[in-house]
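> The following block contains a protein sequence and its predicted model.
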Number of protein chains: 2
Amino acid sequence: MNFLDEIKNLKEQIKSKDKFDINFNFDNIVISGMGGSGIVGNIFQEYYTSIPVISIGDYGIPGFVNEKTLFIVVSYSGNTEETLSNVEDAKKKGAHVRAITSGGKLATIVEKSIIIPSGIQPRSALGYMLMPLFNTFAPIDDAIVSQTYGILDDMDKNHSDIKSEAFKIYENSSIPIIYGSKPFKSVAYRWKTQFNENAKTFAFYSYFPELNHNDTMPLKSAYRRDEYLFYAFESDNARINQRIGITEEITGEQFTVVKSPSQDYFSKLFYLIHYADYLTYELALVRNVDPTDVSTIEELKKKLA
Amino acid sequence: MNFLDEIKNLKEQIKSKDKFDINFNFDNIVISGMGGSGIVGNIFQEYYTSIPVISIGDYGIPGFVNEKTLFIVVSYSGNTEETLSNVEDAKKKGAHVRAITSGGKLATIVEKSIIIPSGIQPRSALGYMLMPLFNTFAPIDDAIVSQTYGILDDMDKNHSDIKSEAFKIYENSSIPIIYGSKPFKSVAYRWKTQFNENAKTFAFYSYFPELNHNDTMPLKSAYRRDEYLFYAFESDNARINQRIGITEEITGEQFTVVKSPSQDYFSKLFYLIHYADYLTYELALVRNVDPTDVSTIEELKKKLA
């Protein structure tokens, strides 16, 4: 599958019916993962708050993990050093360990894994990795999935406006700064990492209303302001949209406000994700860099081994 | 108190014996706060993991909050819109609500508040706001507090090397990027916000090992690489230090590695915090901007009111 086909595959992935079979009680969920796999826990943690869900991306696990913890590890490759070290630690504490992976060592050390299709870039498998969490804990209505499929498909067929934006970023060598807001703060981070990995550019993120307590100052009076290009996600919360407008007004900076064609959580989530897939892919092409190339990351892993 | 005296006051703040009197059982702690007050929950959450601690900085509270939740709100002014809205929500859910504040509306709506000295910038009151959490849940040995006092006092007396660094940032109009690592990821964020508020410059942050899964690509091949200046915190974890070195080696970027003179958690925490206090203060002076000025943030609050 070439990289464009991987991007287009997202709409198929959201139809996944994979789910965990959980037949025990637990007090909290810890979700562990790094990079393109780690975003899965961040997205889910922001949405599902009925019990404490803690997303981690690091060596070492929280002290509270015990036999009342459902410990879900997400690693597309199944060979992520940090994540594998978490499995050992969680088992020692008696936690119920489950995995989402395409294989690797992880599939051999965690019995009850959900095995997803292999052979694509981890960051292109976000739908495969995320759906088991929704399906298990917060199922999405079929009608909403169908609607989302349509929205993604429309973008697959035509995203010329996004391509123009990518060209604008390229022309000015702009650094994108993405301002998310709940429940899509983690999606702003996804945008950042897609710029990093696909387009090989720096990118940064923050969120409303937090940024109104700090970034608002440099937005008005920093040096190098013209080198940045700002994105903000339109919110369901009128107060957040008001903050976006007032921040523009008093700092003089213009934000590109990204608006989803639909308002339910699920389709908005994947619309925003897909938008960045294309924006960063098109930026890679116009910059003449290979969007699939992550050789520097691979080189680092080899040197660490 | 002028701003330099506020900075120097930090060493006195860590001697605070303020603590909560908690005579009930709870399953989890939620700590709510924004900006210079919000960092308190982030720092504590990273350190204290014996039970789930969730730090939030937003409108709305997690669904799991109930009568088994200890809900601690931190707002230096006591008038932060987002934080005040959390208090109402938490009370409705039956949570035990406590506050750390210098006054404002918060002191009137939360009975059992810890009242800290007023009259300084919220970001200068970090010691006052943080100590009640340590004192209540994870007391720090007096000898460690004394040692930390000495380390901060030394920096108050002489930080000419940090002043030189600030000048280097100014000379090149550099944008600082700070790479933290556990348990000081939140301190990297504190650095960012101190650059924003004191020096009115952009600044960004990430952490090891996560950044090895994304930022590593632009570090090697982005445009505008020369415009950034990188900081990394030396870690207790040899694997993290190895990652810092290998990342420098394969990307060709140099990081300024910040090393604490002592290795225990508490003194390292405040050493790193104080380092950024001075770095951003000196940068403000050489840029000829007022480090206390947060008029743009205040203007925004007025327009929102």
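Good, I have the coordinates.
> Spell out the secondary structure type for residue A:36.
With DSSP: H, G, I helix; E, B strand; the rest coil as the basis, residue A:36 sits in helix.
> roughly how far apart are it and chain B?
7 Å (CB to the nearest CB, to the nearest Å). The way it works is simple: take the backbone N, C-alpha and C, and place the C-beta from them, glycine included.
> got it, and residue A:86?
Distance of residue A:86 to chain B, computed by CB to the nearest CB: 12 Å.
> ok but that residue is inside a strand, no?
No: assessed with three-state DSSP, residue A:86 is helix; it does not lie in a strand.
> Give me the neighbour count for the residue nearest to it when sequence neighbours are not counted.
Nearest non-adjacent residue to residue A:86, counting by CB to CB, 6 or more residues apart in numbering or on different chains: residue A:32, 4.5 Å away. Neighbour count for residue A:32, taken as other CB atoms under 10 Å in any protein chain shown: 30.
> Contact partners for residue A:32?
Applying CB atoms under 8 Å, 6 or more residues apart in numbering or on different chains to residue A:32 gives the contacts A:38, A:41, A:55-57, A:61, A:71-74, A:82-83, A:86, A:90.
> Roughly how far does the nearest residue to residue A:38 once chain neighbours are set aside sit from residue B:210?
Nearest non-adjacent residue to residue A:38, counting by CB to CB, 6+ apart: residue A:57, 4.1 Å away. Using CB to CB, to the nearest Å, residue A:57 is found at 5 Å from residue B:210.
> Quickly list what's touching both of those two.
Taking CB under 8 Å, 6+ apart as the contact rule, residue A:57 and residue B:210 both touch A:34, A:35, A:38.
> What's the ChimeraX syntax to select whichever of the residues you listed are buried?
Restricted to buried positions by 16 or more other CB atoms under 10 Å in any protein chain shown, the ChimeraX selection for the shared contacts of residue A:57 and residue B:210 reads:
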select /A:34,35,38
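> Go through the shared contacts of residue A:57 and residue B:210 and say which is closest to chain B.
Comparing these against chain B with CB to the nearest CB picks out residue A:35 as the nearest, at 2.6 Å.
> Let me see the contact set for that closest one.
Taking CB under 8 Å, 6+ apart as the test, what residue A:35 contacts is A:57, A:122, A:123, A:193, B:210, B:213, B:214.
> Please list all residues in contact with the third one.
So that's residue A:123. A:35, A:36, A:193, A:194, A:197, A:198.
> Just the buried ones from those?
With burial judged by 16+ other CB under 10 Å, the buried subset of these is A:35, A:36, A:193, A:194, A:197, A:198.
> Adding distance to residue A:266 and pLDDT as columns, could you present those residues in TSV?
Output for the buried ones among the contacts of residue A:123, formatted as TSV (distance: CB to CB, whole Å; pLDDT from 0 to 100):
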residue	distance to residue A:266	pLDDT
A:35	23	98
A:36	20	97
A:193	21	98
A:194	20	98
A:197	24	97
A:198	24	98
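> now these in a markdown table, with distance to residue A:6?
Output for the buried ones among the contacts of residue A:123, formatted as a markdown table (distance: CB to CB, whole Å):
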| residue | distance to residue A:6 |
| --- | --- |
| A:35 | 16 |
| A:36 | 12 |
| A:193 | 16 |
| A:194 | 12 |
| A:197 | 12 |
| A:198 | 11 |
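> How about the residue in the stretch 201-305 of chain A that chain B sits nearest to, nearest residue that isn't a chain neighbour?
Scanning the stretch 201-305 of chain A for the residue nearest chain B gives residue A:213, at 2.7 Å (criterion: CB to the nearest CB). Excluding its sequence neighbours, the residue lying closest to residue A:213 (CB to CB, 6+ apart) is residue B:35, at 2.7 Å.
> ok, which stretches of the stretch 51-200 of chain A are helices?
A:81-92, A:104-109, A:126-137, A:142-157, A:160-171, A:185-194 (DSSP state H, counting those that start in this stretch).
> looking at those, which is buried most?
helix A:185-194 (a mean of 26; mean count of other CB atoms under 10 Å in any protein chain shown).
> elements contacting that one?
Secondary-structure packing of helix A:185-194 (3 or more CB pairs under 8 Å, 6 or more residues apart in numbering or on different chains; DSSP states H and E): helix A:35-47, strand A:175-180, strand A:204-207, strand A:228-233, helix A:265-287.
> send the alpha carbons of the shortest one over as PDB?
What that stands for is strand A:204-207. Output of strand A:204-207 as PDB, limited to C-alpha atoms (Å, rounded to 0.1, in the frame of the first residue of the first chain):
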ATOM      1  CA  PHE A 204       3.700  23.100  18.100                       C
ATOM      2  CA  TYR A 205       0.400  23.000  19.900                       C
ATOM      3  CA  SER A 206      -1.500  24.200  22.800                       C
ATOM      4  CA  TYR A 207      -5.200  24.600  23.700                       C
END
